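>>> my questions are about this predicted structure, shown below with the sequence.
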Amino acid sequence: MTSTTDRFESRKAPCGRECDGEELETEDGQGLITRDVRFSCGCQTHHEEFHDGSVHNQVVDHHGKVLVDEELRGE
């Protein structure tokens, strides 16, 4: 399993603000990839790619409101 964390500056958050933050990516070496982005304003995005090709995306603003919660099925 590998994991990387990167800090970034001035990226557009889901709320529309330009914020800094960090991105964490984890890969298990067998096809599972998880990517979490946390913005300094409190907004977050979460992306998972599963072994079967399915994808889950979730976007939450800094008030805790879920803006996107979608699951795309693989084959």
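That came in fine, so what should we check first? Being a predicted model, the structure only gives us computed values, none of them experimental.
>>> any idea how far residue 44 is from residue 62?
8 Å (Cβ to Cβ, to the nearest Å). For the C-beta atoms, the positions are set from N, CA and C on the backbone; glycine is no exception.
>>> same check on residue 22?
Distance, residue 22 to residue 44, using Cβ to Cβ: 11 Å.
>>> of those two, who's got more company?
residue 44 (18 against 13; other Cβ atoms under 10 Å).
>>> spit out the contact partners of the more buried one.
Residues in contact with residue 44 (Cβ atoms under 8 Å, 6 or more residues apart in numbering) are 36-38, 59-60.
>>> can you tell me which of those has the most neighbours?
residue 37 leads the contacts of residue 44 on contacts (other Cβ under 10 Å) with 20 neighbours.
>>> could you look up the SS state of that one?
Following DSSP: H, G, I helix; E, B strand; the rest coil, we place residue 37 in the strand state.
>>> residue 47 now?
Recorded secondary structure, residue 47: strand (three-state DSSP).
>>> returning to what we had before: overlap of the contact sets of residue 22 and residue 44?
37-38.
>>> mind pulling up the phi and psi values for the nearest residue to residue 1 once chain neighbours are set aside?
Counting by Cβ to Cβ, 6 or more residues apart in numbering, the nearest residue to residue 1 once its immediate chain neighbours are dropped is residue 28, at 5.1 Å. Torsion angles at residue 28 (phi, psi; degrees, to the nearest 10) stand at phi -90, psi 0.
>>> would you put the C-alpha positions of stretch 53-71 in PDB?
Output of stretch 53-71 as PDB, limited to C-alpha atoms (Å, rounded to 0.1, in the frame of the first residue of the first chain):
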ATOM      1  CA  GLY A  53     -14.000  -0.200 -11.900                       C
ATOM      2  CA  SER A  54     -16.700   1.300  -9.700                       C
ATOM      3  CA  VAL A  55     -16.200   4.900  -8.600                       C
ATOM      4  CA  HIS A  56     -17.600   6.800  -5.700                       C
ATOM      5  CA  ASN A  57     -17.400  10.700  -5.500                       C
ATOM      6  CA  GLN A  58     -18.500  12.800  -2.600                       C
ATOM      7  CA  VAL A  59     -18.200  16.600  -2.300                       C
ATOM      8  CA  VAL A  60     -19.000  18.300   1.000                       C
ATOM      9  CA  ASP A  61     -19.000  22.100   1.600                       C
ATOM     10  CA  HIS A  62     -17.600  23.800   4.700                       C
ATOM     11  CA  HIS A  63     -21.100  23.800   6.300                       C
ATOM     12  CA  GLY A  64     -21.300  20.000   6.000                       C
ATOM     13  CA  LYS A  65     -23.800  20.100   3.100                       C
ATOM     14  CA  VAL A  66     -23.300  17.200   0.700                       C
ATOM     15  CA  LEU A  67     -23.100  18.700  -2.800                       C
ATOM     16  CA  VAL A  68     -22.400  15.500  -4.700                       C
ATOM     17  CA  ASP A  69     -22.700  11.900  -3.600                       C
ATOM     18  CA  GLU A  70     -22.500   9.600  -6.700                       C
ATOM     19  CA  GLU A  71     -21.600   6.000  -7.300                       C
END
